[in-house]
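Trainee: sequence first, then the predicted structure, then my questions.
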Amino acid sequence: MNTNRISKQTVRVAGSQSDDDQIHGLQLFSVLAALMITLLLEALDQTIVGTALPRIVDHFRGFDRYTWVTTAYLLASITMIPIIGKLSDQFGRKGFMIAGVTLFMVGSLFSGLSMTMNQLIVSRSVQGLGAGMGIALVFTLLGDIFPPAKQARWQGIFAGVYGLSNLVGPVIGGWLTDHGPLLGTLVTESMRWRWVFLINIPLSVLTLTMLLIYLPPNLSSQHHRGNSLLKSWREFRRIDFLGTILVSLATIALLVGLTWGGSGIYPWDSVQIICVFGASALSYLSLFVVERFASEPILPPSLFRNRVFIVDTTLALLVGMVLMPVVIYLPLYLQGVLGKTATESGLAITPLTISLVIGSASTGFALAKMGRYRVITIAGAALTAIGIFPMTQLTTVIPLLELGGFMVVLGIGLGVFFGMLTVVAQNSLPNKDKGVGTGIVTYSRSLGQILGLAVVGMVTNSNVGGVTAGRLQLSNFITSVVSLQHGFSVVFVFGVILFLTSLFLKDSPLAKSWSESESH
C-alpha cells in the first residue's frame, strides 16, 4: 500500500453535514490498514483450522466433535452478519467494529489456551461472533469512506484479500501445526497447533489500537442524528429484537441441517434433518411477516423491492456455491486421484489463488474507470462457467499445466464478483440502509458456501460408493474420478445459473458522491 498516494487523497465523511469532516494522510492509511488486517485474520480463520484439526482431535480425543470446531465458528459468524449490519445503521459503526475485534481476539486467546474439546468449541464460537461483526462492517466502512465510484478499486483489493485468505488458510494452518515455535509447557511438540489461534493476538492488538486512535466515531451519517441519552434510548427501543431472534434461529437451524446431512451424521431424509429444515423454513417465513411491522427491521422489506439488490444478493449466493466446493474438492482430486502430497496440491491450486486476487483487483479498477458494472458482471459469470466445465471431464491423468489454465479462467471469473458485489449493493441503496444491505450480501455469499458444499458433497458421496473422502485407494481411482466428475457437474450447473442471473442485473452509473448515491 502506497502511503504517499493515500496521503494525497482527501475523503469527506459519509453523510456528514460539513466538508470540514475529513480523514486523510496517516489517519486514512491507518484505518485502511486496520480494516485490511481485520478482514485478513477473520477470513483466514474460516479455513486455517482445517489442516490442524486431525492433530487437535488426537490431542483431546474428541473425534466425535470433529466438525464442530469449524461449524461453531461459521454458525456464530454467519448469524451475526445481518444483525450487526442493521445495528450499525442505527447506532454507527465504530463501537461495533471495536467490539468485534475484541471478541475475536478474546476468542482466539481462549482457543489457543483450551484444555478440552468443549472449551475449544465454545471459544471458537466467541471467535466467530467477533469475526461476523468484523466481516459485516469492513466493507460497509469502505462505503462510508469512499462513494461507490471511488471505493470500487478499494473494494476490489479488499475482496482479493478475502478470497486469498480463504484459499491459503489450509496451507498456513498446516505449516503452523508442523513448524510453530515451542513455548515452554504451553506449546509443546504435540501442541504446535495452538499457534493457529495464538498468531491472531498480536495482530488483533495492533488493529484494535489503530481503530481506537484513528477510526472517527462520526464516519457514518448515524452520528449526526444526535447522541443524547434520550435519543439513544429511543433508538434502543426501536431495535428489532423479534426479527433478530428469528433470523438467528433460521440461520442456525439451516446450517445445522446442512452440516448434519453433509457430514453424514444423519441421512438427508431423516426425521432430525427434516425437523431442523422445517424449523428454519418456519423461522424465515415468520421473519418476513414480522419485518413488515417492525419500526427498524433487521431485514427491511423495501430492500427486496429493489431489483438490482435482489439480483446482486442472488449472485452472491451463487458465487459462494461455486467457490467453496472448488476449494474443497480440487485438493481432494489432486491428492486422492493424482497422488499429490498436501504440499504439492497446495502449490497446484496456486493459479486459482493468484488469478482470483488479480481478477478481484482488476475489477475494482475497471469499475472505477468505466463507472458501470453489467458488462463486467456478465463477462465474469461467463468466465466462471467456462473455467468450471473442463473439471466435469477430469480423468486419472491430466497435465498440471492444463489444469492450471482452467483454474486461471475460473479464478479471474470469480474474482470479478469478489470485487463488485458490495459496490453494486451500496450503489443501489440509500445511505441509511448501507450497513444492512452490505451485511445481507455478505451473509448470502457465506450461506452459499455452506449450501454449495452440502449439495456437492451429497452428490459426490452418493456416487463414490465405498470410497471415503481422504482415504481413496488405488483400486478405486476410477470410481472416485466419476464421483468427482458428478460433483463438478453440479458446480457447473451453479455456474450456468450464475451466468443466467447476471443477465438480469440492471446497469446503473456508479455514484461519484454520497449525495448522488442517496438519490439512487
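Mentor: In hand now; what should we look at? Numbers count the residues shown, from 1 in each chain.
Trainee: gap between the residue nearest the centre of the chain and Arg292?
Mentor: By CA atoms, centre = their mean, the chain has its centre lying nearest to Ser446, at 5.1 Å. According to CB to CB, to the nearest Å, Ser446 stands 26 Å off from Arg292. Any C-beta I mention is one placed from the backbone N, CA and C, and that applies to glycine too.
Trainee: what's the answer for Thr140, then?
Mentor: For Thr140, the distance to Arg292 - CB to CB - is 25 Å.
Trainee: and Val247, by the same measure?
Mentor: 14 Å.
Trainee: the two: who's more crowded?
Mentor: Taking neighbours as other CB atoms under 10 Å, Val247 and Arg292 compare with Val247 leading, 24 against 8.
Trainee: in which helix or strand does that one reside?
Mentor: Counting by DSSP states H and E, the secondary-structure element that holds Val247 is helix 241-262.
Trainee: the helix or strand following that helix vs helix 241-262, what angle?
Mentor: Per DSSP H and E, the first helix or strand lying C-terminal to helix 241-262 is helix 271-290. Relative orientation of helix 271-290 versus helix 241-262 (axes from the mean of the first three to the mean of the last three CA atoms, to 10 degrees): 150 degrees.
Trainee: show me which residues of the following helix or strand past helix 271-290 are buried.
Mentor: Scanning forward in sequence from helix 271-290 by DSSP H and E, the next helix or strand is helix 307-336. Using 16 or more other CB atoms under 10 Å as the test for burial, helix 307-336 gives 308-309, 311-336.
Trainee: quick one: mean pLDDT for helix 307-336?
Mentor: Average pLDDT, helix 307-336: 87.
Trainee: where do the helices of the stretch 1-150 of the chain begin and end?
Mentor: 3-7, 25-44, 53-60, 68-91, 94-113, 117-145, 148-179 (DSSP state H, counting those that start in this stretch).
Trainee: quick one: closest of the ones you listed to Thr207.
Mentor: Thr207 lies closest, by CB to CB, to one member of the helices of the stretch 1-150 of the chain: helix 25-44, at 4.8 Å.
Trainee: and the closest one, how far out from the chain middle?
Mentor: 16 Å (CA atoms, centre = their mean, to the nearest Å).
Trainee: ok and that helix relative to helix 117-145, angle-wise?
Mentor: Using the same axes, to 10 degrees: helix 25-44 against helix 117-145 is 140 degrees.
Trainee: helix 25-44 packs against which elements?
Mentor: helix 3-7, helix 94-113, helix 117-145, helix 148-179, helix 200-214 (3 or more CB pairs under 8 Å, 6 or more residues apart in numbering; DSSP states H and E).
Trainee: for Ile349, see how far away Gly371 is.
Mentor: In terms of CB to CB, Gly371 sits 34 Å off from Ile349.
Trainee: let me know which of the helices and strands packed on helix 25-44 is tucked in deepest.
Mentor: helix 117-145 (a mean of 25; mean count of other CB atoms under 10 Å).
Trainee: for it, packing partners?
Mentor: Checking 3+ CB pairs under 8 Å, 6+ apart, helix 117-145 ends up next to helix 25-44, helix 53-60, helix 68-91, helix 94-113, helix 148-179, helix 421-428, helix 434-464.
Trainee: chain center to it, what's the gap?
Mentor: The answer for helix 117-145 is 10 Å, by CA atoms, centre = their mean.
Trainee: for Gly411, phi and psi?
Mentor: phi -60, psi -40 (degrees, to the nearest 10).
Trainee: tell me the pLDDT of it.
Mentor: Confidence score, pLDDT, at Gly411: 91.
Trainee: ok, Glu42 next?
Mentor: pLDDT, Glu42: 83.
Trainee: and the closest residue to it other than its chain neighbours, how far from Met210?
Mentor: Excluding its sequence neighbours, the residue lying closest to Glu42 (CB to CB, 6 or more residues apart in numbering) is Ala131, at 3.9 Å. Per CB to CB, Ala131 is found 18 Å from Met210.
Trainee: picking that back up, mind giving me TSV with the helices and strands packed on helix 117-145 and columns for distance to Val276?
Mentor: Formatted as TSV, those follow (distance: least, CB to CB, whole Å):
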stretch	distance to Val276
helix 25-44	27
helix 53-60	24
helix 68-91	12
helix 94-113	25
helix 148-179	26
helix 421-428	29
helix 434-464	13
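Trainee: out of these, which comes closest to Ser286?
Mentor: Comparing the helices and strands packed on helix 117-145 under CB to CB, the one sitting nearest is helix 68-91, at 15.5 Å.
Trainee: and that closest one, what does it pack against?
Mentor: Using 3+ CB pairs under 8 Å, 6+ apart, helix 68-91 is in contact with helix 53-60, helix 94-113, helix 117-145, helix 229-237, helix 241-262, helix 434-464.
Trainee: can you put those in JSON lines and add mean pLDDT?
Mentor: Formatted as JSON lines, the helices and strands packed on helix 68-91 follow (pLDDT from 0 to 100):
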{"stretch": "helix 53-60", "mean pLDDT": "80"}
{"stretch": "helix 94-113", "mean pLDDT": "95"}
{"stretch": "helix 117-145", "mean pLDDT": "90"}
{"stretch": "helix 229-237", "mean pLDDT": "62"}
{"stretch": "helix 241-262", "mean pLDDT": "88"}
{"stretch": "helix 434-464", "mean pLDDT": "83"}
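Trainee: which one of these lies closest to Phe365?
Mentor: Distance to Phe365, taken as CB to CB, is lowest for helix 117-145 among those, at 15.1 Å.
Trainee: number of nearby residues for the residue nearest to Ile265 when sequence neighbours are not counted?
Mentor: Nearest non-adjacent residue to Ile265, counting by CB to CB, 6+ apart: Thr259, 7.6 Å away. Close neighbours of Thr259, defined as other CB under 10 Å, add up to 21.
Trainee: wait, Thr259 sits on Ala72?
Mentor: No: contact criterion CB atoms under 8 Å: Thr259 and Ala72 do not qualify, at 10.3 Å.
Trainee: what do those two both touch?
Mentor: Counting by CB atoms under 8 Å, 6 or more residues apart in numbering, no residue touches both Thr259 and Ala72.
Trainee: give me phi/psi at the nearest residue to Leu120 once chain neighbours are set aside?
Mentor: Closest residue to Leu120 apart from its sequence neighbours, by CB to CB, 6+ apart: Ser114 at 4.0 Å. Dihedral pair for Ser114: phi -60, psi 140, per degrees, to the nearest 10.
Trainee: poorly predicted segments of the stretch 151-300 of the chain, please.
Mentor: 166-167, 220-235, 263 (pLDDT under 70).
Trainee: now for the closest residue to Pro297 other than its chain neighbours: which residues touch it?
Mentor: Excluding the flanking residues, the one nearest Pro297 by CB to CB, 6+ apart is Glu291, at 4.1 Å. Shown in contact with Glu291 (CB under 8 Å, 6+ apart): 240, 243, 297-301.
Trainee: returning to what we had before: possible to save the helices and strands packed on helix 25-44 as a markdown table with distance to Leu53?
Mentor: Putting the helices and strands packed on helix 25-44 into a markdown table (distance: least, CB to CB, whole Å) gives the following:
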| stretch | distance to Leu53 |
| --- | --- |
| helix 3-7 | 39 |
| helix 94-113 | 12 |
| helix 117-145 | 10 |
| helix 148-179 | 9 |
| helix 200-214 | 17 |
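Trainee: out of the ones you listed, nearest to Val482?
Mentor: helix 148-179 (25.4 Å).
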